[in-house]
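[1] All I have is the shape, not the residue letters:
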């Protein structure tokens, strides 16, 4: 099972931008996420249109089940 924290922003061009962070802490809080998003906006460290507002966040969990195709007759 793989978890990712998806951070969604609106940029100065009006487009939705996403930052994906792998393996977030299990005990991360909504307040921590919002504070981090605001810090990312404040520091303006990415190229392209500036990120101007947090639009949302989600923890995405992917569970993968491998299939053993060698067993197919």
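    Nice, thanks for sending it over. Please read these numbers as outputs of a predicted model, since none were measured by experiment. Numbering: from 1, shown residues only.
[2] which parts of stretch 36-45 are buried?
    Going by neighbour count (16 or more other Cβ atoms under 10 Å), the buried part of stretch 36-45 is 36, 37, 40, 41. Bear in mind the C-beta positions are built from the backbone N, C-alpha and C, glycine included.
[3] Could you give the average pLDDT over that stretch?
    Across stretch 36-45, pLDDT averages out at 97.
[4] related to what we said a few turns ago, sitting in helices, which of the buried residues of stretch 36-45 do you find?
    Among the buried residues of stretch 36-45, the residues falling in helices (DSSP state H) are 36, 37, 40, 41.
[5] now the nearest residue to residue 51 once chain neighbours are set aside: how far from residue 26?
    In space, and not counting its chain neighbours, residue 51 is closest to residue 9: 4.3 Å by Cβ to Cβ, 6 or more residues apart in numbering. Distance, residue 9 to residue 26, by Cβ to Cβ, to the nearest Å: 24 Å.
[6] who's more crowded, these two?
    Shown here are residue 9 and residue 26; by other Cβ atoms under 10 Å, residue 9 has more neighbours (21 against 7).
[7] part of a strand, is the more buried one?
    Yes. According to DSSP: H, G, I helix; E, B strand; the rest coil, residue 9 belongs to a strand.
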